[in-house]
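> Got a predicted model here, sequence first, then my questions.
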Amino acid sequence: MPSRPVRPPSRRFHLPLLGTGTGVLIVLLALVLAPLGGTPAARTDAPVDLAAKSTNPPTPGAFTGYGFDQCETQSQAKMDAWLAHSPFRAVGVYISGASRFCKTQKNLTPTWVSTQLAQGWQILAITLGPQSSCVGRFPRYGAAIDPTIVNDPTNAYAAARAQGSAEADSAVAAATALGIVPGSTLWYDLEGWSLSKANAGCTEPALAFLSAWTARVRQLGYVSGVYSSAGSGIKILENARVQGRADVVLPDRIWIARWDNVANTSTSYIAEDGWRPSSRVKQYQGGHNETWGGVTINIDRNWLELGEVVGYGCGGVKTSLKSYKKVAPRKAKPRQVRALKCLLQQKGMYPGKMSGKYNKNLRAGIHAWQGQAGQKVKDAWTKKNWASLLGG
């Protein structure tokens, strides 16, 4: 990801939710209010802020579209500019992990989180903690601060499993402090390494770590996601899935790093039946500058297919578009109009036919949605309106 040492350019990164009853709430409160056992003193996690909102929606929700990630959380002004002018509606942010390159995250606060969610952004909460010793550039700050995954096979890699469980505790504490609520996906960033014979000893410790991460994240009421290179971390998870290994707990969602410049969630490294439907993200382009609305950010590009895929409805109307453009009475492309009519109809706000023309029924539906969403009521339908409709 940007503003960090660059990984090799070849590649990089079902939903059973547990209940979130009283027991889980007690655990979450304990995680926020008490120090975590075994957590290095030098860890810099998201600051606890009483403004964290427990009423935020889980994130990311059901979403198909473009996202970006970057090392440092961006300011509100920059997020607003990109919301208005860019095709992106999802953003990856580093919420925890002692191995993060950008650890300060001065903009990442509960208010920032709740504001982005309210405006229609999907947030991908990332943790970068212990890494495989085969990666080569970790520990980043020293073994006492950000140790690598323990390779000791004793008791089925018990030490690596303990690390994975502890990292999940830390991530949930950070998420809770920020108002990222149970039901949200927490993504573990396992940086890529070569699956050569010389590195064979790193596969099982990594699987043990990720299994424990997933089990603990679920136990605490969150959804487990893993980001890694298509040719390393994702590949070993895929192999475990195909082999039907009972000792490996697979994540609910995967974030595939494969820089092929193709905006989809496919790669030759894993079969098409894995994590389908709608449990994949692909980072398809690595660090580069993009400028939208006069604001330049160094980003990685991603394509997301999460939750129930927005695809076709209303008798075959395509609602999953590569970009969602402004719809106005005198300036609207038929494809955009039909998609908008269909999505509004699914919300009970458009009773008419699926023509490609802007009409009075569409105007009424637009006004109804804008009013319900607390947005300015007007005849034109903007990117901000699209974001709220697609995210709602």
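Yes, it's here. Source: prediction; values computed, not measured.
> Wait, a helix at residue 189?
No: read with DSSP: H, G, I helix; E, B strand; the rest coil, residue 189 is strand and lies in no helix.
> tally of neighbours for the closest residue to it other than its chain neighbours?
Closest residue to residue 189 apart from its sequence neighbours, by C-beta to C-beta, 6 or more residues apart in numbering: residue 128 at 4.2 Å. No exception for glycine: its C-beta is placed from N, CA and C like everyone else's. A count of neighbours around residue 128, defined by other C-beta atoms under 10 Å, yields 27.
> Now do the contacts for residue 128.
By C-beta atoms under 8 Å, 6 or more residues apart in numbering, the contact list for residue 128 reads 94, 97, 99-100, 188-189, 191.
> quick one, what contacts residue 87?
Contact criterion C-beta under 8 Å, 6+ apart gives 65-66, 322-324 as the residues in contact with residue 87.
> what do you get if the cut-off is 6 Å, keeping everything else the same?
Listed by C-beta atoms under 6 Å, 6 or more residues apart in numbering, the contact partners of residue 87 are 66, 323.
> what's the distance between it and residue 380?
18 Å (C-beta to C-beta, to the nearest Å).
> just residue 88 next, same as before
Residue 88 sits 21 Å away from residue 380, going by C-beta to C-beta.
> Could I get the average pLDDT for stretch 205-221?
Model confidence over stretch 205-221 averages 95 on the pLDDT scale.
> what's the answer for stretch 177-193, then?
On average, stretch 177-193 scores 95.
> Determine the number of other residues adjacent to the closest residue to residue 221 other than its chain neighbours.
The shortest distance from residue 221 to any residue other than its chain neighbours is 3.5 Å, reached at residue 182 (C-beta to C-beta, 6+ apart). By the criterion of other C-beta under 10 Å, residue 182 has 20 neighbours.
> top helix in this protein by residue count?
helix 154-178 (DSSP state H).
> Can you point out the buried residues in that one?
Neighbour-count burial for helix 154-178, counted by 16 or more other C-beta atoms under 10 Å, picks out 157, 159-161, 163-178.
> Same question for stretch 343-359.
343-345, 349-350, 354, 358.
> same check, this time on stretch 254-265
254-259, 263, 265.
> now, which of the residues you listed sits nearest residue 283?
Using C-beta to C-beta, residue 257 is the member of the buried residues of stretch 254-265 that sits closest to residue 283, with 4.5 Å.
> Now the closest one: phi and psi?
Per-residue torsions, residue 257: phi -100, psi 110 (degrees, to the nearest 10).
> That one contacts residue 283, correct?
Yes: Residue 257 is within contact range of residue 283, at 4.5 Å (criterion: C-beta atoms under 6 Å).
> what mean pLDDT does stretch 300-319 have?
72.
> how long is it end to end?
End-to-end distance for stretch 300-319, by C-alpha to C-alpha, to the nearest Å: 25 Å.
> re the thing from before, quick one: the longest helix of the chain to chain centroid distance?
Distance, stretch centre to chain centre, for helix 154-178: 19 Å (C-alpha atoms, centre = their mean, to the nearest Å).
> same thing with stretch 73-85?
That offset, for stretch 73-85, works out to 18 Å (C-alpha atoms, centre = their mean).
> ok, residues contacting stretch 210-221?
18, 20, 24, 161, 164-165, 168, 172, 182, 186, 188, 224, 226, 248-249, 251.
> Export it to PDB, keeping only CA atoms.
As requested, the backbone C-alpha atoms of stretch 210-221 are provided in PDB (Å, rounded to 0.1, in the frame of the first residue of the first chain):
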ATOM      1  CA  LEU A 210      -4.800 -16.500  10.400                       C
ATOM      2  CA  SER A 211      -7.000 -19.300  11.800                       C
ATOM      3  CA  ALA A 212      -6.800 -17.900  15.300                       C
ATOM      4  CA  TRP A 213      -7.400 -14.400  14.000                       C
ATOM      5  CA  THR A 214     -10.600 -15.500  12.200                       C
ATOM      6  CA  ALA A 215     -11.900 -17.600  15.100                       C
ATOM      7  CA  ARG A 216     -11.400 -14.700  17.600                       C
ATOM      8  CA  VAL A 217     -12.800 -12.000  15.400                       C
ATOM      9  CA  ARG A 218     -15.900 -14.000  14.900                       C
ATOM     10  CA  GLN A 219     -16.200 -14.800  18.600                       C
ATOM     11  CA  LEU A 220     -16.200 -11.000  19.300                       C
ATOM     12  CA  GLY A 221     -19.000 -10.500  16.800                       C
END
